[in-house]
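A.B. asks: Sequence and predicted model, in that order:
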Amino acid sequence: MIRLFARLDSRAVEIKCPASLAENVATLFGARLSSRAVPIGRVHVDFDRPDRFSIESRHGEPVGNLSRSELLLHLLDAVTRELIFELADEVALHAASVLAGSRIVLIAGPTGAGKSTVAAWLADHGMPYLGDELATVSEDGVVRPFARALAVKPATRDLVAGMSFARDWRRLCDDEMGLVLAGLQTARPSAARRCRLILLPRHESGSGLAIEPLSPAETLLRLMECNLNARNLHDHGLALLRQFAAAVPALRVRYGEVGELAGVVEHIPHLVEGAQLAPPELHRLLSGFRPRAREALHVAAPAPAPVQQPLLPATPRRGPVKLTIGMATFDDYDGVYFTIQAIRLYPAERLAHVEFLVVDNHPEGPSAKPLKNLETWIPNYRYVPRNGPSGTATRNAVFEEASGTYVLCVDCHVLIFKDGLARLLDYFDQFPETSDLLHGPLVYDDLSSLSTHMQPRWRAGMFGTWERDSRAIDADASPFEIPMQGLGLFACRRDAWLGFNPDFRGFGGEEGYIHEKFRQAGRRVLCLPFLRWVHRFARPLGVPYRLKWEDRIRNYLIGFAEIGAPTNELEHHFKELLGESVAERIFTDIREEVARPG
């Protein structure tokens, strides 16, 4: 075993790993590695078997059976967590950083805001990359970026991989897990220096470019949302960040596509650096860009609906687990609360191996703060805000954000029968390499009637009609194959998830499509009779999100095209349901939209 040390200034984390992995580890953390140090944290990496790895750390749960790509991502998270776990003399910010002239540009924000993508884009425009995910701020205002490889999520992997700078960087991971890039800039010597500008990106598909200067008070609020070690500081870092926000100007940058940044954002750091103005003068200069009525400066698209409340920060990752129980939600606090608490009332469900993950698809809505606050009561709970289009495809984010080797994705108003989770964990122990899509019987409100699957037939604007296979009457019966099932509950190994089409919009269209996608990949769709669940169907107060026939039909057409399924019955059904002229108009509009470039 080789001992290496990843450093953030004087702090070091010991990494023990097989000699064959030493080069990969060294490349991940560049010049921050040394052979001697007194560590404040430890991470241990070893082989499970050839080409499969395990990892454990002082402050994280052990996890095994990892591919090389999974191991690298887990290692990046584990080392970052160890570095800040007991940090109490500086504020650790969830931020990437680049160099503009002699000063740092800090790119801060919650998970999913687009930090790594903007950092990559600035690096592609000549600003040396310093670090991703973590930077600390000291009382004297000095910023210390953590020099680690750039890790890009699957959704933006191809975009970043196509940037010119990426051709000269080493690709440590480039697969369905995402993209991890390391280059010469990653190995820069200690880059601690003053910060000249804070960028707070926010990716909203279709929004266009909007740039808005923030007051010191607004900047403070945003930075507190990115504070990773607030629990270690006597005032949660408030005084230090107040001083920092007063000294460094900040811009909120909203964008729909990365190309919209061109010709604008890459010039701002150089203008700010070249101006050589004192902080109050810089604040005044940038405030001149704020249009009347405090509206943001827009390019290419009108503004979205006004923000109702600040975007709350994601809960920091707590380390790998065996199973993530994840759910996407849109203003359904009650559903989330009772689904999770019902599980926690079952003492036999082995919750030490479980993570609860909530992806909030309306993080500016009234449920956001109560959902976020659950992290203070539930130790294995993680809240992740996810702005942008709402709907079916948001569940992809559950798999992107999950720390579990396996993922159980549920609607945020599903109740799971007692012993179901324990038996699911046993199932994964028995079949650790399964790539199948797993379901269980839906149980109705009488708690006895059940539906084991759906038949691929059209009814009332939906593809799939509920059916029951008598083999599942006995909860101890063996698993069996089914054609499709409602997606209120399904499970899959995280790295085997094939994903909903990212072009889906709104709700509907997923049943049948995702099941056929698994079969075409040579996998099975199974019913596990023991994995029983109850679904709340009634919504007497209505649903808080948009339900449109156009979205559902659009998703069906896109999904059927992806799996090569004919659309004759689809079109016939909706013409009967909605009327031929209405349905024909919808089909025409959708086909014209899909055919447009981009």
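C.D. replies: The structure has been received and is ready for your questions. Note that the coordinates shown come from a computational prediction; the quantities given were computed from them, not determined experimentally. Numbers count the residues shown, from 1 in each chain.

A.B. asks: For the top strand by length along the chain, which helices and strands make contact with it?
C.D. replies: Longest strand in the chain by number of residues, with DSSP state E as the criterion: strand 193-203. Applying 3 or more CB pairs under 8 Å, 6 or more residues apart in numbering; DSSP states H and E, one finds that strand 193-203 contacts strand 103-108, helix 115-124, strand 142-145, helix 216-225, strand 250-255, helix 268-275. Every residue, glycine included, has its C-beta placed from N, CA and C.

A.B. asks: who touches the third one?
C.D. replies: Put plainly, it is strand 142-145. Residues outside strand 142-145 that contact it (CB atoms under 8 Å, 6 or more residues apart in numbering): 8-9, 90, 96-97, 104, 106, 130-131, 134-138, 190-195.

A.B. asks: quick one: residue 117 from residue 87, how far?
C.D. replies: Taking CB to CB, to the nearest Å as the measure, residue 117 falls 27 Å from residue 87.

A.B. asks: The two: which is more packed in?
C.D. replies: Applying other CB atoms under 10 Å to residue 117 and residue 87 shows that residue 117 carries more neighbours, namely 24 against 17.

A.B. asks: For the residue nearest to that one when sequence neighbours are not counted, the count of nearby residues, please.
C.D. replies: Leaving aside its sequence neighbours, residue 117 sits nearest to residue 156 (CB to CB, 6 or more residues apart in numbering; 4.9 Å). A count of nearby residues for residue 156, using other CB under 10 Å, gives 17.

A.B. asks: For residue 156, list the residues it contacts.
C.D. replies: Counting by CB under 8 Å, 6+ apart, residue 156 makes contact with 114, 116-117, 258.

A.B. asks: give the contact list for residue 154.
C.D. replies: Residue 154 neighbours (CB under 8 Å, 6+ apart): 176-178, 400.

A.B. asks: Filter the residues you listed down to the buried ones and hand me the ChimeraX line.
C.D. replies: With 16 or more other CB atoms under 10 Å as the criterion, this ChimeraX line picks the buried residues out of the contacts of residue 154:
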select :177,178,400
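
A.B. asks: Mind checking which of the contacts of residue 154 land in strands?
C.D. replies: Using DSSP E, these in strands are residue 178.

A.B. asks: Show me which of the contacts of residue 154 is closest to residue 377.
C.D. replies: Distances from these to residue 377 were compared by CB to CB; the smallest belongs to residue 400, at 25.1 Å.

A.B. asks: By mean pLDDT, flag the weakest helix or strand of the protein.
C.D. replies: Lowest by mean pLDDT, DSSP states H and E among the helices and strands of the chain is strand 297-299, with a mean of 41.

A.B. asks: starting at the chain centroid, how far to the helix or strand that comes right after that one?
C.D. replies: Using DSSP states H and E, the helix or strand that follows strand 297-299 towards the C-terminus is strand 321-329. Strand 321-329 sits 12 Å away from the centroid of its parent chain (CA atoms, centre = their mean, to the nearest Å).

A.B. asks: Could you do stretch 264-272 as well?
C.D. replies: Centroid separation for stretch 264-272 versus its chain: 28 Å, with CA atoms, centre = their mean.

A.B. asks: cool, and stretch 11-18?
C.D. replies: 27 Å.

A.B. asks: picking up where we left off before, quick check: the two most widely separated of the contacts of residue 156?
C.D. replies: Of all pairs in the contacts of residue 156, the most separated under CB to CB is 116 and 258 at 11.5 Å.

A.B. asks: And these two? Which one has more around it.
C.D. replies: Legend: neighbour count by other CB under 10 Å for residue 116 and residue 258, higher for residue 116 (22 against 19).

A.B. asks: If you tally nearby residues, what's the number for the residue lying closest to residue 593 once chain neighbours are set aside?
C.D. replies: Nearest non-adjacent residue to residue 593, counting by CB to CB, 6+ apart: residue 554, 7.8 Å away. By other CB under 10 Å, 24 other residues sit near residue 554.

A.B. asks: and residue 554, what pLDDT?
C.D. replies: Residue 554 carries a pLDDT value of 91.

A.B. asks: Go through the host helix or strand of it and flag the buried ones.
C.D. replies: Using DSSP H and E, the element containing residue 554 is helix 549-563. Neighbour counts over helix 549-563 (16+ other CB under 10 Å) mark 549, 551-560 as buried.

A.B. asks: any idea which of the helices and strands packed on strand 193-203 scores lowest on pLDDT?
C.D. replies: Least confident of those, judged by mean pLDDT, is helix 268-275 with a mean of 74.

A.B. asks: Let me see the contact set for residue 77.
C.D. replies: Contacts here follow CB under 8 Å, 6+ apart; on that basis residue 77 touches 317, 319, 403.

A.B. asks: Highest neighbour count among the residues you listed?
C.D. replies: residue 403 (25 neighbours).

A.B. asks: give the contact list for residue 478.
C.D. replies: Taking CB under 8 Å, 6+ apart as the test, what residue 478 contacts is 471, 529.

A.B. asks: check which helix or strand covers it.
C.D. replies: For residue 478, there is no helix or strand it lies in under DSSP H and E.

A.B. asks: could we number from 740 for the rest of this?
C.D. replies: New numbering, starting at 740: the last item is residue 1217.

A.B. asks: circling back: per-residue pLDDT, the residue nearest to residue 856?
C.D. replies: At residue 895, the pLDDT recorded in the model is 83.

A.B. asks: what's the spacing between it and residue 1245?
C.D. replies: 22 Å.

A.B. asks: Residue 1191 now?
C.D. replies: To residue 1245, residue 1191 is 28 Å away according to CB to CB.
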